[in-house]
Every structure is written in structure tokens, then in C-alpha cells.
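Colleague: return atomic coordinates for the entry below.
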Amino acid sequence: MDEPVAVPPGFAPLFRTSPFLDALGPFYSRRDDRGLSIGLRVAPKHANARGLAHGGLLLTLCDIALGYAAAYSQDPPVTLTTAQISADFAGGARIGDWVESRADIQRVGSRLAFVNVYLVVNATRIVRASGVYLRTEAPPFHRMGDG
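Modeller: Predicted coordinates for the structure are as follows:
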């Protein structure tokens, strides 16, 4: 059985997940006055050969943070598909570090959403990413607790 992961106050297991995210995570989320933040404690399984969080993990965290922040900024949340992501890596995260997203939603329009995000470790920005998301048709969104 896995040991519990220490997470900062206000974070809870990610409210929406998938088999891929379950295998890669665990991911956590928090909503506050700054919006939705996604976080992850870097575990040994997340590391590259140098003991740092793998770039693919960080880019996946960016994709989740960008898309979820934009989708859940609307009521009801919208369905988005990733159209484009670009990222710049300015630092790294070590095993045991808490990595957290800080998103800035530029615009959620009728067809496209534009979002920026920083990944932060101990108040230091390690990744800057931007994404464009396509609004897609999907079955109606059901909130947790709705039959």
C-alpha cells in the first residue's frame, strides 16, 4: 500500500481524473481566490536519471492545469480539447518537492480558450506554459452529487 502524500493545506485529491492521470499521479487540486491550482508531490517514479522531475511529467501537469483552469472558470464547466501547448523550462523539481500551478486565463471564447500557467516550487517558477484549447461538444456536464 502506498504511503500517504503530504500536501499543503486546502489541497485534496484531484476531483476529475482518468486512468492515465491515476497512473502518473497522484494529483491534487485547490480552489481559492486565485482560481484553480493543481499540485503534485514529486515521487521517485516521477524522476529522470538525474533525480529531477521528468519534463514529460511537468508538461502533463501544465496540460491539466491549463485545461482544467479554463474549463472550470465557466459555469457550467466547458469541455475542452488541447489544440496547442508551448512550454519553457527555467528550473527543475527534485524528489520530495511540491509542484503547484498558477494559471492565468486570458480568454474562454465560443470556440477557443487561451490560458497561461506557471509551475512553482517554493515560490520559484520552474516552468512557464501557454495553451490553446478547442471547445468541443460533449454530453451535458454533471456535477458531483447530481444523480
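Colleague: what bridges to residue 108?
Modeller: residue 113 (DSSP bridges).
Colleague: how far away from the center of its chain is stretch 122-133?
Modeller: Computed by CA atoms, centre = their mean, to the nearest Å, the chain-centroid distance of stretch 122-133 equals 10 Å.
Colleague: now that stretch: buried residues?
Modeller: Using 16 or more other CB atoms under 10 Å as the test for burial, stretch 122-133 gives 126, 127, 129, 130, 131, 132, 133. All C-beta atoms are positioned from the backbone trio N, CA, C, and that covers glycine.
Colleague: mind checking which of those residues land in strands?
Modeller: 126, 127, 129, 130, 131, 132, 133 (DSSP state E).
Colleague: switch these over to a markdown table; also include pLDDT.
Modeller: As requested, those are exported to a markdown table (pLDDT from 0 to 100):
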| residue | pLDDT |
| --- | --- |
| 126 | 98 |
| 127 | 98 |
| 129 | 98 |
| 130 | 98 |
| 131 | 97 |
| 132 | 98 |
| 133 | 97 |
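Colleague: columns distance to residue 11 on top of those, output as a markdown table?
Modeller: Output for these, formatted as a markdown table (distance: CB to CB, whole Å):
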| residue | distance to residue 11 |
| --- | --- |
| 126 | 18 |
| 127 | 19 |
| 129 | 20 |
| 130 | 24 |
| 131 | 22 |
| 132 | 27 |
| 133 | 24 |
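Colleague: residues in contact with the residue nearest to residue 47 when sequence neighbours are not counted?
Modeller: Once flanking residues are discounted, residue 47 sits nearest to residue 95: 5.5 Å by CB to CB, 6 or more residues apart in numbering. Residues near residue 95 by CB atoms under 8 Å, 6 or more residues apart in numbering: 42, 43, 44, 46, 47, 51, 53.
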